[in-house]
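**Student:** no FASTA, just this:
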């Protein structure tokens, strides 16, 4: 895959992408969202219904790569958060910093759900009745990052932002309940947070710097039905209206004790990062050339499309020596 920026204005940016078949794609998108509004190519039928499954995947690879190329080359926030390898890795590193008690509080429900397939424990949520079978279900949890401005490389800027609102980042206000603060003070802190977050998304904070796991959703599921169609349920609770920074999506493998599950979750996120790069038609960095379950949509692609090896199979003998 190769990319070039071919034009840019205040709102939009255009790219030329050459895919792994040598087909050229001209892809244009909005810089503030990554929404693609124009895509021309001359190597596959224009209508998706007339393409082969592999042809559709090459077109999708070009679109994913274009968004990532713009992000890397220009720093614009054009990659969806749950398909963003750097953001997923930031979540992975933040999980490593959790204490055992914090990890259990956030991910104990997911561990119990998976354990229920292999031991006598109560499930957090029932197996969807429409699923093709108990093993056709993947269990999901949305994960949200927070930013500690006192632990980033823009701490001085963050302090300046806060002082503009007559607030002190080191003040005891940070440790007080929202119930104790006036509406005006809460709004001022919200403004401070918004400005710090904006600087983070503009690339002024290194990935992983000052980031922590802020919250997770309740457990929910995605599953394959008898027709191999994917259905996604809704979480009973989700702390934010924004897109999550990472989406955990696990099959009901035996998680083992909580400490082993923690290692498995780390590996799962590495597999997700692998899936991001493979789905763009490029080779993952060496650290993420691993085998195992990542996202369900990638597992389906590895299973159905001949252009991909079966990266989701941890026992794939053909690939074991290459990862």
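**Tutor:** Happy to help now that I have it. Quantities reported herein were computed from a predicted structural model and do not represent experimental measurements.
**Student:** quick one, what contacts the residue nearest the centre of the chain?
**Tutor:** For the chain, the residue sitting closest to the mean C-alpha position, by C-alpha atoms, centre = their mean, is residue 82 at 2.3 Å. Neighbour list for residue 82: 88, 243, 244, 245, 246, 247 [criterion: C-beta atoms under 8 Å, 6 or more residues apart in numbering]. Every residue, glycine included, has its C-beta placed from N, CA and C.
**Student:** surely the last one is in a strand?
**Tutor:** The one in question is residue 247. Yes: residue assignment for residue 247, taken from DSSP: H, G, I helix; E, B strand; the rest coil, places it within a strand.
**Student:** low-confidence ranges in this structure?
**Tutor:** With pLDDT under 70 as the threshold, the chain has low-confidence stretches at 148-210, 317, 320-323.
**Student:** which strand of it spans the most residues?
**Tutor:** The single longest strand within the chain, with elements called by DSSP state E, is strand 137-147.
**Student:** quick one: buried residues of it?
**Tutor:** 137, 138, 139, 140, 141, 142, 143, 144, 145, 147 (16 or more other C-beta atoms under 10 Å).
**Student:** partner strands of it, parallel or antiparallel?
**Tutor:** The sheet places strand 137-147 alongside strand 211-216 (antiparallel), strand 220-224 (antiparallel), strand 246-250 (antiparallel), with pairing taken from DSSP bridges.
**Student:** neighbours of residue 237, how many?
**Tutor:** Summarising burial for residue 237: neighbours were counted as other C-beta atoms under 10 Å, giving 11.
**Student:** next up, the contacts around it.
**Tutor:** The contact partners of residue 237, taken as C-beta under 8 Å, 6+ apart, are 217, 218.
**Student:** try it again with 10 Å
**Tutor:** 215, 216, 217, 218, 219, 220 (C-beta atoms under 10 Å, 6 or more residues apart in numbering).
**Student:** which among the contacts of residue 82 end up buried?
**Tutor:** With neighbours counted by 16+ other C-beta under 10 Å, those contain buried members at 88, 244, 245, 246, 247.
**Student:** next, format the residues you listed as CSV and append distance to residue 32.
**Tutor:** Below are those laid out as CSV (distance: C-beta to C-beta, whole Å):
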residue, distance to residue 32
88, 22
244, 19
245, 18
246, 22
247, 22
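**Student:** before we move on, back to that, let's have the contacts of residue 237 in TSV, adding distance to residue 59 and neighbour count.
**Tutor:** Putting the contacts of residue 237 into TSV (distance: C-beta to C-beta, whole Å; neighbours: other C-beta atoms under 10 Å) gives the following:
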residue	distance to residue 59	neighbour count
215	36	15
216	34	22
217	32	20
218	36	17
219	34	22
220	30	19
